[in-house]
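Peer 1: I'll drop the sequence and a predicted model, then ask my questions.
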Amino acid sequence: MKPISNLLIIIIILSLNLPRAQSQVSITLPIITDAAPGPVAAQVNATGLVNMVSFQFTITYDNSKLTCTGISNWYEGIQNVMVNNNTEQGFIAFSCYNVNPVTISDGVFFTLDFTFTNGTAQLKFFCNSHRSHQLSVEKEWG
């Protein structure tokens with residue numbers, strides 16, 4: 001091989017191994033305060049999700065103040081979501097794999113529908129001691 005060809009191959013290999021720019025991803029859970037008893041919609045917002053193809057996480061809540069009645073308003077393109085809604089223990093586990101990548105620059109990821117009794121209720125991401133982070137999001141690199 002000629003030296004120019006070798007140099008070109010080395011440059012291509014190095015460029016493939018360069019770290020890619022990481023965007024700041026934020027997923028926010030609301031705190032429900034002073035709502036009237038009855039149905040309440042809690043929007044889960046996301047920013048900076050680029051080419052997401054899968055996610056897996058668990059949200060916990062105080063089941064003495066909230067009862068989850070459903071999940072609605074998924075961001076367009078999110079499909080194949082498996083949900084374990086455990087109202088007795090106050091958690092909702094999500095797992096999803098999309099065939100097509102989804103980008104949420106800034107918007108509503110989905111809405112949690114609850115029946116609210118009274119007081120203040122905070123939603124939290126559950127962190128299992130066997131996992132290194134609270135939220136797992138996989139993206140497709142282009």
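Peer 2: It's in.
Peer 1: Quick check: the residue nearest to the spatial centre of the chain vs residue 99, distance?
Peer 2: Geometric centre of the chain, nearest residue: residue 55, 5.8 Å, by Cα atoms, centre = their mean. From residue 55 across to residue 99, the span is 14 Å (Cβ to Cβ, to the nearest Å). No exception for glycine: its C-beta is placed from N, CA and C like everyone else's.
Peer 1: Residue 106 now?
Peer 2: Using Cβ to Cβ, one obtains 24 Å as the distance from residue 106 to residue 99.
Peer 1: Equivalent analysis for residue 33, please.
Peer 2: 39 Å.
Peer 1: repeat for residue 73
Peer 2: Distance of residue 73 to residue 99, given as Cβ to Cβ: 21 Å.
Peer 1: of the two, who's got more company?
Peer 2: The residue with more neighbours, out of residue 73 and residue 99, is residue 73; 13 against 8, by other Cβ atoms under 10 Å.
Peer 1: Quick check: closest non-adjacent residue to that one.
Peer 2: residue 111 (4.0 Å; Cβ to Cβ, 6 or more residues apart in numbering).
Peer 1: which residues touch that neighbour?
Peer 2: Applying Cβ atoms under 8 Å, 6 or more residues apart in numbering, we find residue 111 in contact with 41, 42, 43, 44, 71, 72, 73.
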